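Trainee: no sequence on this one, just coordinates:
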């Protein structure tokens, strides 16, 4: 019986992949709002790892700025809030104990602000006023002689409930349970309830259904299904709220390889796999209802893809570069509506507000 179930699962995964490959995908016209964020004097963005939007249209930016310490192992995380028109409002969590290396920021349905810090291995929940109300994980002790960069050994050390190793992102289901993608080393998803109680984790390193190679971004739909950007395996995996594998989505949209450029470094091979491959999902977000769609981004050729939740690519936009409407490693996407996106870029040290003009 298990063999039949696994075969059905693999067939669903393969059919989803082939469905994506056979599509003719339109280009979506769009604009980028010039100079959207208004930074005050003496405040600068660094690598911009995260962006989120709350119910009032306020924009939260999690940036690897305000660096302190040595060039290697510096504290590089700062959380900034802007108004709907991009006006700077405040810094949240100045000199917070968890700040080490910014990775992602999300806002839940009650406008609480959640951040994941890859350097400290911590997830922090702020209330809308900016006060810390819940913490997950624990950073290494500065007094411990073994404190240092985490080892990427193979096989990795067993994960520990309640702790993370290079945590990446967070999302919630309609019941208020939290799902945390954990991350570069543990390659799993943790589930905690609305009170912070650890319930379970699912996934492990690997490339089979239900396994991960750097679960880098995570989102949930209105039915409570969990979408995981399995970046190293070049796919998006979909699970129910208990961690049961449902299907996988791959993004295969043709592009002109000869004219495409890498954002940095050598151009990946045309048949590359893994993090730098075309369609490898770095960031995903799902729009509010009632008709939800998903957006995903890759590093090369640096595009954004609009998808239905069953995996059909509905459109594509953008390319690698440094000008407006071009991208340098989109690390997080916020999609408060179907046709307004905010994208946080590592290499260009910025957030762009994009307004899409899809044709019927």
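Mentor: Perfect, I can see it now. Remember, it's a predicted structure, so these values are computed and weren't measured experimentally.
Trainee: below-threshold pLDDT in the stretch 51-200 of the chain: ranges please.
Mentor: Along the stretch 51-200 of the chain, no part satisfies pLDDT under 70.
Trainee: any idea which helix or strand comes after whichever strand or helix holds residue 331?
Mentor: Using DSSP states H and E, residue 331 sits within strand 330-337. Next in sequence after strand 330-337, counting helices and strands by DSSP H and E, comes strand 340-345.
Trainee: that next one: partners in the sheet, and parallel or antiparallel?
Mentor: strand 330-337 (antiparallel), strand 350-356 (antiparallel) (DSSP bridges).
Trainee: want to throw those into CSV with distance to residue 226?
Mentor: Just so you know, the C-beta spots here come from the backbone N, C-alpha and C atoms, and that holds for glycine as well. Shown next, in CSV, are the strands paired with strand 340-345 (distance: least, Cβ to Cβ, whole Å):
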stretch, distance to residue 226
strand 330-337, 17
strand 350-356, 25
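Trainee: could you dump those to a markdown table with mean neighbour count, distance to residue 225 and mean pLDDT?
Mentor: Formatted as a markdown table, the strands paired with strand 340-345 follow (neighbours: other Cβ atoms under 10 Å; distance: least, Cβ to Cβ, whole Å; pLDDT from 0 to 100):
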| stretch | mean neighbour count | distance to residue 225 | mean pLDDT |
| --- | --- | --- | --- |
| strand 330-337 | 24 | 17 | 98 |
| strand 350-356 | 21 | 24 | 98 |
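Trainee: nearest to residue 70, of these?
Mentor: Ranking these by proximity to residue 70 (Cβ to Cβ) places strand 330-337 first, at 23.5 Å.
Trainee: can you tell me what sits against that closest one?
Mentor: Strand 330-337 is contacted by residues 47-53, 57, 59, 62, 104-105, 169, 217, 282-288, 295-297, 299, 302, 304, 341-346 when judged by Cβ atoms under 8 Å, 6 or more residues apart in numbering.
Trainee: filter these down to the ones in helices?
Mentor: Of the contacts of strand 330-337, none are assigned to helices by DSSP state H.
Trainee: what subset of those residues is buried?
Mentor: Among these, the ones that count as buried by 16 or more other Cβ atoms under 10 Å are 47-53, 59, 62, 104-105, 169, 217, 282-287, 295-297, 299, 302, 304, 341-346.
Trainee: nearest to residue 250, out of the strands paired with strand 340-345?
Mentor: Closest among the strands paired with strand 340-345, using Cβ to Cβ: strand 330-337, at 18.3 Å.
Trainee: how close does residue 160 get to residue 218?
Mentor: Per Cβ to Cβ, to the nearest Å, residue 160 is found 20 Å from residue 218.
Trainee: of these two, who's got more company?
Mentor: residue 218 (26 against 12; other Cβ atoms under 10 Å).
Trainee: pretty sure the more buried one sits against residue 189.
Mentor: Yes - between residue 218 and residue 189 a contact is recorded at 6.9 Å, counting by Cβ atoms under 8 Å.
Trainee: and the strands in the stretch 251-360 of the chain?
Mentor: Shown for the stretch 251-360 of the chain, the strands assigned by DSSP state E, counting those that start in this stretch span residues 283-286, 294-297, 304-307, 313-317, 319-320, 326-327, 330-337, 340-345, 350-356.
Trainee: counting contacts, what elements does the second one pack onto?
Mentor: Using 3 or more Cβ pairs under 8 Å, 6 or more residues apart in numbering; DSSP states H and E as the contact criterion, the neighbours of strand 294-297 among helices and strands are strand 283-286, strand 304-307, strand 330-337.
Trainee: ok, residues contacting that strand?
Mentor: So strand 294-297 is contacted by 219, 227, 229, 236, 251, 281-287, 303-309, 327, 330, 333, 335, 341, 343 (Cβ under 8 Å, 6+ apart).
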